[in-house]
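Chemist: can't give you the sequence, but here's the structure:
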């Protein structure tokens, strides 16, 4: 049971997050991926992962995008990228 709990926590950003507000490419430290992107202010997001065509997409404040992302680049705005395993 404990393993299931740890897996669930890890899949929901239980390893913390990274505040991003610049236009640099951000990648998570190994062995993690980003598992959610919470938009703090309207953001133009390019994210590489398991969601196709997430390139220069404008996303409204308050939106959370769930997936498995290996890199995130903003054109504008700010987000928190949550780490999972």
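Modeler: Cool, the structure landed. For clarity, every value in this text was computed on a predicted model and none was experimentally measured.
Chemist: partners of the strand ranked longest in the chain in the sheet?
Modeler: Ranked by residue count, the top strand of the chain under DSSP state E comes out as strand 64-84. In the sheet, strand 64-84 lines up against strand 17-20 (antiparallel), strand 25-26 (antiparallel), strand 33-49 (antiparallel) (DSSP bridges).
Chemist: mind listing what's buried in the longest one?
Modeler: Applying a neighbour-count criterion of 16 or more other Cβ atoms under 10 Å, one finds 33, 34, 35, 36, 37, 38, 39, 43, 45, 47, 48, 49 buried in strand 33-49. For glycine as for every other residue, the C-beta is placed from the backbone atoms N, C-alpha and C.
Chemist: farthest-separated two in those?
Modeler: For the buried residues of strand 33-49, the farthest-apart pair by Cβ to Cβ is 33 and 43; their separation is 19.1 Å.
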